[in-house]
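A.B. asks: Curious how this folds, go ahead:
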Amino acid sequence: MSTPKFGFLHRLCLSRRQVIVAASAAEAEERSSPSQSAPELGEPPSKFRKRNKEDLGKELMDERSSREKKGERRERRERQEADSENLARQFVEAGDINAETVLKVLRATDIPLNTTRKNVLPDGVDAVRGMLLGFYALAGNIGITDASKSRPWLVQLLSSFARKSHPDFEFTSIQVNKNYASRPHVDKNNLGESLIIGLGDYTDGDIWVHDPEGVVPFELREDILCMYHYEAGVTYNGSWLDIHNKWIHFNGNRLHFTQPFTGDRFTLVYYTCSRYMDASSELSSVLRAAGFPFCKSSEKLAEASISKLAEKNLEHEKWKKQIRDRIRSEKEQLGRCQARTWNKGWGGSCPHFKHEGSGDFCKGHSNGSWKTHGTIDGPVPKLKQAEMLKFQKQMVAAGERPPDP
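C.D. replies: Numbers count the residues shown, from 1 in each chain. So this is what the prediction gives:
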């Protein structure tokens, strides 16, 4: 029997069926015998899936635990804040305002960590406990701090504490500090005098304040850019001020720092912000209602602003003169350029100082141009002798006197 002849389409269909059958057989064989090849992406082995689930569960538990701890800390802070506010309210309403009651409230208050006041951070410390109450000015922003809004009775207590002892002192802001010795710094945004007091059970902790008439020297280790242009390596005179349970006036624009101390120490610094005039009428009213003795039309504050601006300009001129004198002193140590000049044919000394790295000559003569007229202690080059003699005779004939050398 002869083999039937199949057409092209029949052979193509047969080939496809064979491929499908072969693939099905291979798949069945693969299912019956486990493969040692690596699993495809997206289909991890069961043991991997189990481990991922465990890790995911642990992460979820850790996240839940972290949220619970944060929630507990927030609730604890809120309770502490409420308790301290209630305590402050009791003292304010009872009129019981003194160093002892203020200290009780401060100890009950959760004073937050602050990382923004870089100028006061002691060496090796990233944050200190402190907060600002009242008016603030930062770059283009002004207003009342959030700490003031959440602690209105503390603001009332601290404001009344200062007004009770110094009824004529005006201030827009109160800086509350806890347990840190500030590094040398200036409060350049303060206007006029600041009022400070230290409270707590501590020893030492005086503040050193720059005073040209002081007798306590201090060598500064870093430049501080301010109206007084403090420079590293310079020794400044100052005075130690004992603020422990004492009200002390000082100029916060001057260099100052805190002596190391032991114990529990709080300080309250009352001052007026230099940008108090930027406060709107509404903001001024809110500050007064909060307990700050502040008025934009105050003649005392206006005089303080004028005085600070005048002193700032005076100190700036002094600083520029110091820089000029310093530069001139450095040049004088190098000496004058040794090149001779034309000087109307009579020869003269170059008026410029030597340039560092240019030998005996200034920068202008360091390129070899001094060779035209020579040096002041050497002979005149032959090419210039006749020319100079000619001009000298012409000046004498015209009755002119030789110029100064």
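
A.B. asks: ok, and what's touching stretch 65-81?
C.D. replies: Contact partners of stretch 65-81, identified using C-beta atoms under 8 Å, 6 or more residues apart in numbering, comprise 108-110, 150-151. The way it works is simple: take the backbone N, C-alpha and C, and place the C-beta from them, glycine included.

A.B. asks: Quick one: mean pLDDT for it?
C.D. replies: Predicted confidence along stretch 65-81 averages 76 (mean pLDDT).

A.B. asks: May I have it exported as PDB, CA atoms only?
C.D. replies: What follows is stretch 65-81 as a C-alpha-only set of coordinates in PDB (Å, rounded to 0.1, in the frame of the first residue of the first chain):
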ATOM      1  CA  SER A  65       4.400  49.500  69.200                       C
ATOM      2  CA  SER A  66       6.200  52.700  68.000                       C
ATOM      3  CA  ARG A  67       2.800  54.400  67.400                       C
ATOM      4  CA  GLU A  68       1.600  53.300  70.800                       C
ATOM      5  CA  LYS A  69       4.800  54.700  72.400                       C
ATOM      6  CA  LYS A  70       4.500  58.000  70.600                       C
ATOM      7  CA  GLY A  71       0.900  58.200  71.600                       C
ATOM      8  CA  GLU A  72       1.800  57.500  75.200                       C
ATOM      9  CA  ARG A  73       4.500  60.100  75.100                       C
ATOM     10  CA  ARG A  74       2.100  62.600  73.600                       C
ATOM     11  CA  GLU A  75      -0.500  61.900  76.200                       C
ATOM     12  CA  ARG A  76       2.100  62.200  78.900                       C
ATOM     13  CA  ARG A  77       3.200  65.600  77.600                       C
ATOM     14  CA  GLU A  78      -0.400  66.800  77.300                       C
ATOM     15  CA  ARG A  79      -1.100  65.700  80.900                       C
ATOM     16  CA  GLN A  80       2.100  67.400  82.100                       C
ATOM     17  CA  GLU A  81       1.300  70.500  80.100                       C
END
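
A.B. asks: now the helices for this structure?
C.D. replies: 8-32, 46-94, 99-108, 146-150, 152-165, 281-290, 299-334, 382-397 (DSSP state H).

A.B. asks: wait, which of these is closest to Trp342?
C.D. replies: Taking C-beta to C-beta, helix 382-397 is the member of the helices of the chain nearest to Trp342, at 8.0 Å.

A.B. asks: Quick check: buried residues in the closest one?
C.D. replies: 384, 388, 392, 395 (16 or more other C-beta atoms under 10 Å).

A.B. asks: ditto for stretch 298-314
C.D. replies: Of the residues in stretch 298-314, those with enough neighbours to count as buried (16+ other C-beta under 10 Å) are 301, 304-305, 308.

A.B. asks: which regions of the stretch 51-200 of the chain sit below the pLDDT cut-off?
C.D. replies: Flagging of the stretch 51-200 of the chain using pLDDT under 70 yields the residue ranges 51-54, 56, 68.

A.B. asks: Skipping its backbone neighbours, what lies nearest Ser332 in space?
C.D. replies: Actually, residue 332 is Glu. It isn't Ser. With C-beta to C-beta, 6 or more residues apart in numbering as the measure, Phe353 is the residue that lies nearest to Glu332, at 7.1 Å, once sequence neighbours are left out.

A.B. asks: partner residues bridging the one you found?
C.D. replies: Arg336 (DSSP bridges).

A.B. asks: For it, which residues are in contact?
C.D. replies: Residues near Phe353 by C-beta under 8 Å, 6+ apart: 331-332, 334-337, 362.

A.B. asks: Ranking by neighbours, what's the top pick from these?
C.D. replies: For those, counting by other C-beta atoms under 10 Å, the largest number of neighbours falls to Cys337: 26 neighbours.

A.B. asks: Can you add pLDDT and distance to Lys104 and give the contacts of Phe353 back as CSV?
C.D. replies: Rendered in CSV, the data for these read as follows (pLDDT from 0 to 100; distance: C-beta to C-beta, whole Å):
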residue, pLDDT, distance to Lys104
Lys331, 93, 63
Glu332, 93, 64
Leu334, 93, 66
Gly335, 95, 70
Arg336, 95, 72
Cys337, 96, 74
Cys362, 95, 72
